[in-house]
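Peer 1: this one's sequence-less:
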């Protein structure tokens with residue numbers, strides 16, 4: 001695992017994101033897992049496909065937002081996001097574009 005990041009996402013909960021594969025070349029698969037205060041995993045490990053530099057933001061007591069950069073070719077990137085349920089890590093709807 002490489003480029004791990006930790007973010008608080010709720011009362012006594014945190015999320016860890018990490019890359020497996022070659023994150024520098026963009027060939028990595030990104031993963032995320034929610035943990036409770038004791039370090040036990042909450043819900044299933046999430047696979048965040050074909051993204052770079054994921055970040056996690058708590059936006060409510062029951063949901064959090066993950067954002068990432070997606071390459072568009074020619075050096076252009078788009079910031080995308082998805083809202084996830086804190087209890088399970090399941091996506092609450094589809095992803096969306098934040099900025100181009």
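Peer 2: Received the coordinates, thanks. All figures in this text were calculated on a predicted structure; none of them were measured in a lab.
Peer 1: Going by C-alpha atoms from here, please, whenever you check contacts or count neighbours.
Peer 2: Fine.
Peer 1: quick one, strands of this protein?
Peer 2: Counting by DSSP state E, the chain has these strands, from start to end: 2-10, 13-20, 29-36, 41-48, 52-58, 63-71, 77-85, 96-99.
Peer 1: And residue 62, its phi and psi?
Peer 2: Per-residue torsions, residue 62: phi -120, psi -10 (degrees, to the nearest 10).
Peer 1: Not counting sequence-adjacent ones, nearest residue to it?
Peer 2: residue 86 (5.2 Å; C-alpha to C-alpha, 6 or more residues apart in numbering).
Peer 1: got a pLDDT number for that neighbour?
Peer 2: As predicted, residue 86 sits at a pLDDT of 71.
Peer 1: Next, the contact list for it, please.
Peer 2: Residue 86 makes contacts with 9-10, 34, 61-64, as judged by C-alpha atoms under 8 Å, 6 or more residues apart in numbering.
Peer 1: just checking, residue 31 touches residue 19?
Peer 2: Yes - counting by C-alpha atoms under 8 Å, residue 31 touches residue 19, with 6.3 Å between them.
Peer 1: and those two? which has more neighbours close in?
Peer 2: Each of residue 31 and residue 19 has its neighbours counted (other C-alpha atoms under 10 Å); residue 19 has more, 25 against 19.
Peer 1: Please list all residues in contact with the more buried one.
Peer 2: Residues near residue 19 by C-alpha under 8 Å, 6+ apart: 1-4, 28-31.
Peer 1: For the buried ones among the residues you listed, write the corresponding ChimeraX selection.
Peer 2: In ChimeraX syntax, the buried subset of the contacts of residue 19 is picked out as below (16 or more other C-alpha atoms under 10 Å):
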select :28,29,30,31
